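# Could you look at this predicted model? Sequence included:
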Amino acid sequence: MRVAAVDLGTNTTRLLVADVVDGRLEELHRETRITRLGEGVDSRKRLLPVPIARVRNVLSDYRRTLESLGAARTLAVGTSAIRDAENGEAFLGEVEWSYGFTTHIATGDEEAALTRRGVAPPPDTLVVDIGGGSTELVLDDFHVSLPLGSVRFTERHGEDVESIVRETKGLLPELQPDAAIGVAGTLTTLAALDLRLDAYDRKRVHGHLLSRVAAHTQRDRLAALPLDERKALPAMEPERAPVIVAGAAILTAILDAYELDAIEVSERDILDGIALAAAELPAPEEGAAPPGAFTCC
């Protein structure tokens with residue numbers, strides 16, 4: 001079955017089109033756009049008009065792409081920013097009505113579970129998903145979603161690394177993992193920088209072992225660079241540069257707290273879990289209108 005998964009994240013809006021065969025994904029198309037939907041949500045508890053417009057424009061492009069590839073079912077999942085915003089449910093209702101996607105606001109537990117499903121980690125391996133508004137930690141049957149992320153903490157602390165590290169460590173649960181796998185944009189960007197790539201290369205990033213020393217080195221290097229120079233780094237998405245220091249500080253706090261010498265970087269993440277869940281959706285009824293028409297924002 002050919003499906004499409006849309007991850008409506010705090011910092012990015014992402015698309016995956018894949019065939020699901022015997023519970024396995026065969027990827028056809030993957031795309032990421034930085035839309036910063038969660039801009040201002042930490043302080044104002046609302047999705048703002050300009051970020052909403054950015055996401056709408058991207059979703060229009062994604063719908064054309066997934067239709068051209070013949071996706072039979074599409075599941076769009078809202079995460080931290082949407083569940084924290086007073087108008088998040090209304091926004092998702094509008095997405096469902098406007099684009100014909102099945103939508104779902106993931107709880108923190110569901111977000112962590114979808115990440116685990118996408119990564120399929122070995123036993124005793126901590127999965128770390130640093131997002132824009134939340135960070136998911138998954139270890140075997142334990143999972144938690146914490147209210148810390150690259151966008152949220154940049155808005156709260158700027159680039160004060162010590163404050164970010166202090167608040168992160170204060171929120172971390174007591175865990176004893178043997179190893180770790182890291183997913184999402186902060187981790188993949190740090191891996192690309194550690195590899196000194198001239199351009200981003202998913203194949204080289206996937207499986208890269210980022211040492212704790214290297215994570216600290218990249219964090220301090222990025223924090224010392226003016227924003228314009230940071231944006232110009234090879235393999236750096238310019239739109240990610242303003243929040244990468246906070247993401248890197250969260251990562252180093254996690255590695256230090258759990259005494260992890262390194263973390264394996266994975267290109268498989270919650271988006272893969274959403275795609276697997278999309279394959280389990282009931283078949284759409286012919287001619288049925290999407291439920292839940294809302295006027296949003």
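Received, thanks. Numbering: from 1, shown residues only.

# which regions of the stretch 151-297 of the chain sit below the pLDDT cut-off?
Applying pLDDT under 70 to the stretch 151-297 of the chain flags residues 284-297.

# run the last query once more with 80
Within the stretch 151-297 of the chain, the ranges that satisfy pLDDT under 80 run 283-297.

# how about the helices in it?
For the stretch 151-297 of the chain, helices defined by DSSP state H, counting those that start in this stretch occupy the ranges 161-171, 185-194, 202-205, 212-224, 227-231, 244-257, 270-278.

# now these in TSV, with mean neighbour count?
Any C-beta I mention is one placed from the backbone N, CA and C, and that applies to glycine too. Compiled in TSV, the helices of the stretch 151-297 of the chain are given as follows (neighbours: other CB atoms under 10 Å):
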stretch	mean neighbour count
helix 161-171	16
helix 185-194	25
helix 202-205	13
helix 212-224	18
helix 227-231	14
helix 244-257	25
helix 270-278	26
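
# Output those as TSV; include the columns distance to V55.
What follows is those, written out as TSV (distance: least, CB to CB, whole Å):
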stretch	distance to V55
helix 161-171	26
helix 185-194	16
helix 202-205	23
helix 212-224	26
helix 227-231	22
helix 244-257	20
helix 270-278	16
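
# What residues does the nearest residue in space to A248 that is not next to it in sequence make contact with?
Counting by CB to CB, 6 or more residues apart in numbering, the nearest residue to A248 once its immediate chain neighbours are dropped is R219, at 3.8 Å. Shown in contact with R219 (CB atoms under 8 Å, 6 or more residues apart in numbering): 161, 245, 248-249, 251-252.

# now swap in I164 and tell me
With CB under 8 Å, 6+ apart, I164 has these contacts: 153, 157, 246, 249-250, 253.

# Please apply the same query to D272.
Per CB under 8 Å, 6+ apart, neighbours of D272: 5, 16, 18, 25, 117-119.

# Select from those every entry located in strands.
5, 16, 18, 25 (DSSP state E).

# Excluding covalently adjacent residues, which one is nearest to the last one?
Excluding the flanking residues, the one nearest L25 by CB to CB, 6+ apart is A18, at 4.6 Å.

# Next, count neighbours for that neighbour.
25 (other CB atoms under 10 Å).

# my guess is it contacts E26, does it?
Yes - counting by CB atoms under 8 Å, A18 touches E26, with 5.9 Å between them.

# where along the stretch 1-150 of the chain do the strands fall?
2-8, 12-21, 24-34, 73-78, 102-105, 125-130, 135-139, 142-146 (DSSP state E, counting those that start in this stretch).
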